[in-house]
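> Predicted model, plus sequence, below.
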Amino acid sequence: MKKAIPTILLAVLLTSCSGWVIQPLPYTPPTPFLPFTQTPSIYTPTPVVIGVNSSTPAVITFTPSVTIFPSLTLTNTPPAVTLSDTPSFTPTVPPGVSPAVSVKVLGCNTSIDITHGMGEVTNAFVTLKNTGGIELTNIKVTLFARDEGREQLEEAVVLFRQAGDWRFLAQTLGILGLTVLSNGDLETAQEFLDEAYEVNKQSNNRAMEFVLTGKGILCTLRGEYEPARAFMQKNIDDLEKTGNRMGVLWGRARLGYVALHEGSVAEAHQILVDTIENFHTDGNKNGLVFALDRMSSLYVVTNKHEVATRLIGWSDATRKEIGDPRPRIEQADLDEDIAAIKAKLGVDAYETAYNLGRSLALDEAVAFALGGK
């Protein structure tokens, strides 16, 4: 029964593709092999993703029973040549005719996080058909994933409880705590993480990475920096003993942010420089966007607002490119930095620096972050 549980969990995760609705994604015919991708850090403190061979479509497909009405911009209004009191032209639509689009999800690619037994959808393939009576020439569609992560994890918790598999139960509770925490629900996250901590005692503390990471982040958000540092350092020490180098880098990046909040700017800078250099060497863009976000906060503290803004611009552009959206709690921290920057530089100067950052190449962004000018 225990061996069957991870398979059940993976099946539950992979079938979540059927719940997706539309996002901007240029159509590319499905390919039989999935390229290497990274798992968003919301699910795992140490993202390690290995692509798997999967034919597309490899999941349940559906045709929505509802009609989606996209926003429609009609552009056939004659350009204004002279100012006059003539009423502006308003296009009219024949009675009984309305814009409409039908959507069909053909399938999706998936990848597997071998280290933590998690699955994710990386590409979705859809077709759009104009089912209305109007020619559509200027529409925008957006694909969003339905947030089912918590529901699936809670189902897995029930299964592991029934099987008496304490190790997987502890690990899943830790992941669930991090997932809830990343969405800003601190109280519920505390409950899951506390339970995960207790269950870990029954499995010789073999799944403590998620628990220690979650508790460290939770303490940081509450301004409890001394216990936050203790949790982070304990996690780093444990990961070093097991040879988990990537886990150590992520742990140190988080520790650097704790040091910054404590007022230890020099220590924070040294830690972040080290982690940025290592993530860069490894070509780990997920790690880089996380570390550069933290470095941008440091530059706000040290009054290098333009440098901070460019790093934020690069991070936003890169996150969009690699499909790694910033977790809600991290975005909240960054929004405070952005407000401070705009108050110092002004909105126009902020936008200019931000756009310059978006255009930086990876090597340029890293050099900019490390040099601070």
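That came through, no problem.
> Could you report the pLDDT at L173?
The model reports L173 with a pLDDT of 89.
> who touches C219 in this structure?
Applying C-beta atoms under 8 Å, 6 or more residues apart in numbering to C219 gives the contacts 225, 227-228, 231. In this view, the C-beta of every residue, glycine as well, is placed from N, C-alpha and C.
> and whichever strand or helix holds it, average pLDDT?
In this assignment (DSSP states H and E), C219 forms part of helix 208-221. For helix 208-221, mean pLDDT rounds to 93.
> Show me what the next helix or strand after that helix is in contact with.
Downstream of helix 208-221, the first helix or strand assigned by DSSP H and E is helix 225-241. Around helix 225-241, the neighbours that count as contacts under C-beta under 8 Å, 6+ apart are 45-46, 208-209, 212-213, 215-217, 219-220, 247-248, 251-252, 254-255, 258-259, 261-262.
> buried subset of those?
Among the contacts of helix 225-241, those classed as buried by 16 or more other C-beta atoms under 10 Å are 45-46, 208-209, 212-213, 215-217, 219-220, 247-248, 251-252, 254-255, 258-259, 261.
> Assumed P99 was part of a strand.
No - applying DSSP: H, G, I helix; E, B strand; the rest coil, one finds P99 to be coil, outside a strand.
> Counting neighbours, what do you get for the nearest residue to it once chain neighbours are set aside?
The shortest distance from P99 to any non-neighbouring residue, by C-beta to C-beta, 6 or more residues apart in numbering, is to G132 (4.5 Å). A count of nearby residues for G132, using other C-beta atoms under 10 Å, gives 18.
> One more: the one 3 residues further on?
One way to gauge burial is a neighbour count; for E135, by other C-beta under 10 Å, it gives 7.
> And it, its phi and psi?
When read as degrees, to the nearest 10, the backbone of E135 gives phi -70, psi 130.
> so who does the closest residue to P327 other than its chain neighbours touch?
Nearest non-adjacent residue to P327, counting by C-beta to C-beta, 6+ apart: S182, 3.9 Å away. Neighbour list for S182: 42, 327-330 [criterion: C-beta under 8 Å, 6+ apart].
> just checking, which of those residues belong to helices?
Among the contacts of S182, the residues falling in helices (DSSP state H) are 328-330.
> Can I get the buried part of those residues as one PyMOL selection?
Remark: buried members of those, expressed as a PyMOL selection using 16+ other C-beta under 10 Å:
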select buried, resi 329+330
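> Which single one of the ones in helices among the contacts of S182 is nearest to G313?
The shortest approach to G313 among these belongs to E330, at 16.0 Å (C-beta to C-beta).
> Now do the strands in this structure.
Along the chain, counting by DSSP state E, strands occupy 21-22, 50-51, 101-113, 118-130, 143-144.
> ok so, going back, for R326, see how far away the residue nearest to P327 is.
Plainly put, S182 is 10 Å away from R326 if you go by C-beta to C-beta, to the nearest Å.
> Ok, L136 next?
For L136, the distance to R326 (C-beta to C-beta) stands at 32 Å.
> And K215, by the same measure?
For K215, the distance to R326 equals 21 Å [C-beta to C-beta].
> Kindly report the same for E198.
In terms of C-beta to C-beta, E198 sits 31 Å off from R326.
> re earlier: contacting residues for the residue nearest to P99?
Residues counted as contacts of G132 (C-beta under 8 Å, 6+ apart) are 97-101.
> same deal with V265?
Counting by C-beta under 8 Å, 6+ apart, V265 has contacts 259, 298, 301-302.
> Likewise for L334?
With contacts defined as C-beta under 8 Å, 6+ apart, L334 is in contact with 293, 296-297, 312, 326.
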